[in-house]
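Asks: Quick one, what's the 3D model for this:
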Amino acid sequence: MRCAKCQVENPEGKKFCSQCGAKLIVPCPECGAEIALGDKFCGECGHNLTLPSIPPKELSFDEKLKKIQKYLPKGITEKILSQRDRIEGRKSRLP
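Replies: Model prediction:
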């Protein structure tokens, strides 16, 4: 396990870094709660820690719009779609 503070690689099972003494924390991939090394389930959300973590899929503009559409007031979707080129264009200019 790599120490987040000094980046030294520590053997599995260690609770504190052998180089700088920092607590070796493993965050839950589901909720971010601190997990004791060796735990099989998160004590906060119950996430199964033995399963491999799958990063969330990047959604397309259309998929994002479809997900939020039910929460938008009527007519807003059309306004968003009319500005789609400007919205997508600004995204590409961001660092």
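Asks: Which pLDDT value goes with the residue nearest to Phe61 when sequence neighbours are not counted?
Replies: Excluding its sequence neighbours, the residue lying closest to Phe61 (C-beta to C-beta, 6 or more residues apart in numbering) is Glu88, at 6.1 Å. Yep, even glycine has a C-beta here, placed from its N, CA and C like the rest. pLDDT for Glu88: 71.
Asks: and what of Glu63?
Replies: pLDDT, Glu63: 88.
Asks: same check, this time on Ile54
Replies: Reported pLDDT for Ile54: 71.
Asks: okay, now it: neighbour count?
Replies: Ile54 has 7 neighbouring residues, counting by other C-beta atoms under 10 Å.
Asks: any idea which element it lies in?
Replies: Ile54 is part of no helix or strand when elements are defined by DSSP states H and E.
Asks: please begin residue numbering at 117 from this point
Replies: In the new count, where the first residue is 117, that last one comes out as Ile170.
Asks: ok, Cys147 touching His163?
Replies: Yes: using C-beta atoms under 8 Å, Cys147 makes contact with His163 at a distance of 6.8 Å.
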